[in-house]
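S.K.: Quick check, what structure comes out for this input:
(2 chains)
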Amino acid sequence: MSNGRDFDDERAQREWDAQENALRAERTGGRSGDAGVAEYRLIARALRMPPLDALPSDFAARTAAQALRQQRVANETVEIWLERGLVALLLLAGAAALFAYRDSLPELSFSVPDGAALGIQTVLSWSFAVAACVGLSSVFAFAGNKR
Amino acid sequence: MAIEADGVGAGEPEVVDADRVLVAAVLAGARGAFETLVRDHQRLVWHIINRMVRHPDDTRELCQDTFLRVHRYLHQYRFESALKTWIGQVAYSVARRHLERKRIPIVEAGGGEDAPDLLERVADDFDLEAASADAELGAVLHVEIEALPPLQRTVLTLYHLDEVPIAEIARMTGLSAGTIKSHLFRCRARLRGRLQARWGAKA
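M.R.: All right, here's what the predicted structure looks like:
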């Protein structure tokens, strides 16, 4: 309102001024001049007292608690997916390493010779198999608990 | 009718400083900071959504949804406007989307009557004293206000009850300051006309 006018039309400008003067008079409790302003004061008074429902007294506390709960859940979800990604990466890397070095790995043997003492190769093979089973079970149990 | 648009400036410096402190505390996870933010702005959000939606249960739910969004996206707030304006913007968009989903129009189809038509209905010889003495006057005005479309009802409440400047209402609603002024002008002129018509009919 650089030139103090809001409307081109003279009558519209007068009406707007009456509306704004009424608003100011109603806020400050000052006197209103003409009838137009006085009428708009009645309207301004009604507009300052709309029939609004009351805000629950514990609204802020409940909303803040809900926001923190949501943030915790969101953080945990990110953490779970990061862990899953890392486990998958680890498994892939392991599989790739086994594949890449398959020729240099000792040959696995799960056969136990009849009536003979267990050979070192058989013991190593079974130890590897048991460790792999325990490891995978632990990984799946951990991932299941996180879900 | 030409309406000048007010410039839309940033908030008061001291308000922005207080906003910065509060926002930093919330983002740092300071105990009670977000509850303070909600308490500081819940009245404004409640008014915007209540005037737009007018359904108590939906209002409660949408107000909470507004603050949950504020909490989630607060790190994106860049202090380009006062925090109050930014939160009001979120509340308005939450309420508007809710009404759009329910296919409830937020403004009158066709934009309503022209200003000269509205002013033709406003008489200068209205018996104000008699109308003021009418105990039903307030109730009649409230019925007329409630009958306004959601956007106009909200703009009037923000301007009159919450004393939000036109430039800030424009930012909250994404409309130009000229459009906000036009809504204010037309709604108040229409309310004056209805008031006169109603009281005139009784007299």
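
S.K.: any idea where the helices of chain A begin and end?
M.R.: Ranges of helices in chain A, per DSSP state H, are A:10-28, A:35-47, A:59-100, A:120-146.

S.K.: Quick one: closest of these to B:Glu61.
M.R.: Closest approach to B:Glu61 among those (C-beta to C-beta): helix A:59-100, 11.1 Å. (Each C-beta comes from the backbone N, C-alpha and C, glycine too.)

S.K.: The closest one near chain B anywhere?
M.R.: Yes: against chain B, helix A:59-100 shows contacts by C-beta under 8 Å from any C-beta of the partner chain at A:59-64, A:66-68, A:70-71.

S.K.: which element follows the helix or strand of chain B with the lowest mean pLDDT toward the C-terminus?
M.R.: For chain B, scoring each helix and strand by mean pLDDT, DSSP states H and E identifies helix B:128-133 as the least confident one, at a mean of 60. Under the assignment DSSP states H and E, the closest C-terminal helix or strand after helix B:128-133 is helix B:137-146.

S.K.: Show me how far stretch B:99-112 is from its chain's centre.
M.R.: Distance of stretch B:99-112 from its chain centroid, counting by C-alpha atoms, centre = their mean, to the nearest Å, is 16 Å.

S.K.: before we move on, back to that, buried only: go through the residues of helix A:59-100 next to chain B for me.
M.R.: Neighbour counting with 16 or more other C-beta atoms under 10 Å in any protein chain shown marks A:59-60, A:63-64, A:67 as buried within the residues of helix A:59-100 next to chain B.

S.K.: any chance of those in TSV, plus distance to B:Val70?
M.R.: Formatted as TSV, those follow (distance: C-beta to C-beta, whole Å):
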residue	distance to B:Val70
A:Phe59	14
A:Ala60	12
A:Thr63	10
A:Ala64	11
A:Ala67	8
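
S.K.: Relative to B:Leu191, how far out is A:Ala25?
M.R.: To B:Leu191, A:Ala25 is 17 Å away according to C-beta to C-beta, to the nearest Å.

S.K.: pLDDT wise, what is A:Gln66 at?
M.R.: At A:Gln66, the model reports a pLDDT of 95.

S.K.: Then the one 3 residues further on?
M.R.: pLDDT, the model's per-residue confidence, is 92 for A:Arg69.

S.K.: What of B:Ala197?
M.R.: For B:Ala197, the model assigns a pLDDT of 81.

S.K.: And the lowest-mean-pLDDT helix or strand in chain A, what does it pack against?
M.R.: Every helix and strand of chain A was ranked by mean pLDDT, DSSP H and E. The lowest is helix A:120-146, at a mean of 75. Helix A:120-146 sits against helix A:59-100, with contacts defined as 3 or more C-beta pairs under 8 Å, 6 or more residues apart in numbering or on different chains; DSSP states H and E.
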